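**Student:** Quick one, structure for this:
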Amino acid sequence: MLKNNNLILTTILVIFLTEILSYLGWRSPLLGSIAAILLTIVWLIIAARNLSMAMVWLTLELILGGFGYWLSFEVGNLVLSMRMLLFGAGVSLLIYKLVVNKQLEFFKYKIKWWYGACGLVFILSVVVGSFNGNESANIILDGQRYLYWLLLPLWFEINLSDFKKYATVIFPVGLIWLFLKTSAGLYIFGHFNFEQVKWFYTFWRDIRFAEITHISDGMFRIFSQSHIYAGIFGLGLWVYNLFSASALNWRAQFSWYLISALGIFTAVMSFSRSFWLAIAVSLLLINIVLLFKKYLSFNIVIKQCGIMLLIVLAGFGYMLTTTRLNWPIESLSSTETSSLSSRLTSGDAATNSRMQLWGPLTKAISGNILIGQGFGATVTYFTSDPRRVAQTAGGSGEYTTYAFEWGYLELWLKFGLVGLVVYLGFIIRSLLPIWHEAKKGRAVLIGLSAGILVLLITNITTPYLNHALGIGALMLVITLVNKENYATN
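**Tutor:** Model (predicted):
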């Protein structure tokens, strides 16, 4: 087994190589296709020999890959993201294990019944969507989002001890890389004019890693959907470190607090108010529970909340400094940033569009409260988002979509109240061991509970429970807490 230093260097090398291949693949789709296939094959070989390591790498792709198009396989009009290829490889390995071993460890756990019930909800949503005459393409696009749950039984095949060893080394490297990558984007857009960075802007948008928007006064927002992991691990590590301080030496404490702070910094730089709210509310709820259960004193709670506030303020300071720093290149003038901002999207467009969607979406839900409208259900509303207005006839702003910002309302529309209860019931039931183990004072699981709260609260205004990014995080936590609970009972 690789030692920590070697594993750190290997992780950095793999990430750096993938970034280079991503750029070359963007310039040459053929090269990108070859690289995507080769990396998928390498992952499959690793998975066959060391599944715990492979699942850590699979999660690392979620942390750094945005929408999953870090690399893509392209043939004609067919475009398969590397995430899709890895998913296919994972499902193939799962089927192989089931055929050879005749059983899977997952089926030892009671959550299998809830898992099966969710499968029925997904199938019912396909049937209802088809019965309602929803477009077949939309039904397929809607339903395929939830297919990532098929990997959950494969997750339960990992060796828990090995997974922890790899994860505690590889995940921090991934979070640091995400922080540095976001910082680099901030610096570049604050110091170069549009003609100089047009290729960079187009590259990130084409591989769907991040959206770059101008906020005001030369400030830019670098938002990647993968930033949710900065919030999850940032707060999760903070709570873990707080709770396990007596068991860690000062070097370990400093390291974890530093990585936690970088995660919070990254969430700040994303300028996602959904992330900010989710982190703040999660921290508040966790502290209330810990205080109520007398795990922490009131003084400690106030002190660490104050420190977290200082970290957030430092994050804004870092963001401002990175953008406006006049070294080694002078930052853009206000005139230059105004010119640049006219070529980028507006920072408030998504928020305004979200509020304009609320009424029509809730009205659509009322059409069939219990069983919903099925996959592919659409809602038409008027939006002021320039990106969407440009797609409407005559620039009217009348926009029709099957994908919505309000995460839980979308689930309600597609699944109905019954399906929503089953889906959320499965998630809650699968996470219950966190509560049981947390009562034993287990710092890791208390940290995980804080991190997963960030995801669940974010889903209110930014959907993640219907996407591989959110589902992947849930599968990771569900596996860890259930296997940990099973091993100790």
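**Student:** Double-check Leu150 against Leu93; I have them as touching.
**Tutor:** No. Leu150 lies out of contact with Leu93 (CB atoms under 8 Å); the separation is 11.4 Å. C-beta: built from backbone N, CA, C; applies to glycine.
**Student:** Those two - which one has more neighbours?
**Tutor:** Counted by other CB atoms under 10 Å, Leu150 and Leu93 do not tie: Leu93 has more neighbours, with 19 against 15.
**Student:** Would you mind giving the secondary structure of the residue nearest to that one when sequence neighbours are not counted?
**Tutor:** Excluding its sequence neighbours, the residue lying closest to Leu93 (CB to CB, 6 or more residues apart in numbering) is Ala47, at 5.5 Å. Under DSSP: H, G, I helix; E, B strand; the rest coil, the three-state class of Ala47 is helix.
**Student:** Let me see the confidence value for Ala47.
**Tutor:** For Ala47, the model assigns a pLDDT of 97.
**Student:** For Leu94, see how far away it is.
**Tutor:** Separation of Ala47 from Leu94 (CB to CB, to the nearest Å): 10 Å.
**Student:** who has more neighbours, the two?
**Tutor:** Legend: neighbour count by other CB under 10 Å for Ala47 and Leu94, higher for Ala47 (23 against 20).
**Student:** thinking again about what came up before, would you agree the residue nearest to Leu93 is in contact with Ala54?
**Tutor:** Yes. Under the criterion of CB under 8 Å, Ala47 makes contact with Ala54 at 3.5 Å.
**Student:** follow-up on the earlier one: ok, now which ones touch the residue nearest to Leu93?
**Tutor:** For Ala47, the contacting residues are 54-55, 89-90, 93, by CB atoms under 8 Å, 6 or more residues apart in numbering.
**Student:** what's near enough to touch the closest residue to Leu277 other than its chain neighbours?
**Tutor:** Leaving out its chain neighbours, the residue that sits closest to Leu277 by CB to CB, 6+ apart is Ile457, at 7.0 Å. Residues near Ile457 by CB under 8 Å, 6+ apart: 277-278, 281-282.
**Student:** Give me the buried subset of these.
**Tutor:** Using 16 or more other CB atoms under 10 Å as the burial test, those include 278, 282 as buried.
**Student:** Can you tell me which of the contacts of Ile457 lies closest to Leu453?
**Tutor:** Leu453 lies nearest to Ser282 out of these, by CB to CB, at 3.9 Å.
**Student:** What does the pLDDT read for that closest one?
**Tutor:** We note a pLDDT of 93 for Ser282 in this prediction.
**Student:** Which strand or helix spans the nearest residue to it once chain neighbours are set aside?
**Tutor:** Among residues not flanking Ser282 along the chain, Leu453 sits closest, at 3.9 Å (CB to CB, 6+ apart). Per DSSP states H and E, Leu453 falls inside helix 443-458.
**Student:** cool, Tyr257 as well?
**Tutor:** Assigned by DSSP H and E, Tyr257 falls within helix 250-269.
**Student:** which of the residues in that helix are buried?
**Tutor:** Buried positions in helix 250-269, judged by neighbour count with 16+ other CB under 10 Å: 256-257, 259-269.
**Student:** between that helix and helix 443-458, what angle do the directions make?
**Tutor:** 0 degrees (axes from the mean of the first three to the mean of the last three CA atoms, to 10 degrees).
**Student:** Which elements pack onto helix 250-269?
**Tutor:** Applying 3 or more CB pairs under 8 Å, 6 or more residues apart in numbering; DSSP states H and E, we find helix 250-269 packed against helix 160-191, helix 228-243, helix 273-292, helix 298-324.
**Student:** Could I get the buried residue list for the first one?
**Tutor:** This means helix 160-191. By neighbour count on 16+ other CB under 10 Å, the buried set for helix 160-191 is 162-167, 169-179, 181-183, 185-191.
**Student:** and what of the last one?
**Tutor:** Using 16+ other CB under 10 Å as the burial criterion, the residues of helix 298-324 that qualify are 301, 304, 308, 311-312, 315, 318-319, 322-324.
**Student:** average pLDDT across that helix?
**Tutor:** Averaging pLDDT along helix 298-324 gives 89.
**Student:** what's the distance between it and the middle of its chain?
**Tutor:** Mean C-alpha position of helix 298-324 versus that of the full chain (CA atoms, centre = their mean, to the nearest Å) differs by 23 Å.
**Student:** Could you tell me how many residues sit around Leu291?
**Tutor:** So Leu291, with other CB under 10 Å, has 15 neighbours.
**Student:** Skipping adjacent residues, who's closest to it in space?
**Tutor:** Of all residues not flanking Leu291 in the chain, Val301 sits nearest, at 5.4 Å (CB to CB, 6+ apart).
**Student:** Quick check, that neighbour in contact with Asn287.
**Tutor:** Yes. Between Val301 and Asn287 there is a contact under CB under 8 Å: 4.8 Å.
**Student:** Generate CSV for the buried residues of helix 298-324, with distance to Leu411 as supplementary columns.
**Tutor:** Formatted as CSV, the buried residues of helix 298-324 follow (distance: CB to CB, whole Å):
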residue, distance to Leu411
Val301, 33
Gln304, 34
Met308, 31
Ile311, 33
Val312, 30
Gly315, 31
Tyr318, 36
Met319, 33
Thr322, 37
Thr323, 37
Arg324, 41
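**Student:** Could you verify my assumption that Glu398 touches Thr380?
**Tutor:** Yes. Counting by CB under 8 Å, Glu398 touches Thr380, with 6.4 Å between them.
**Student:** Between these two, point out the one with more neighbours.
**Tutor:** Counted by other CB under 10 Å, Glu398 and Thr380 do not tie: Glu398 has more neighbours, with 14 against 10.
**Student:** give me every residue that touches Leu154.
**Tutor:** Leu154 makes contacts with 51, 55, 90-91, 93-94, 97, as judged by CB under 8 Å, 6+ apart.
**Student:** Quick check: which element contains it?
**Tutor:** Using DSSP H and E, Leu154 sits in helix 152-155.
**Student:** Now do the same for that helix: mean pLDDT, whole number.
**Tutor:** So the average pLDDT for helix 152-155 ends up being 98.
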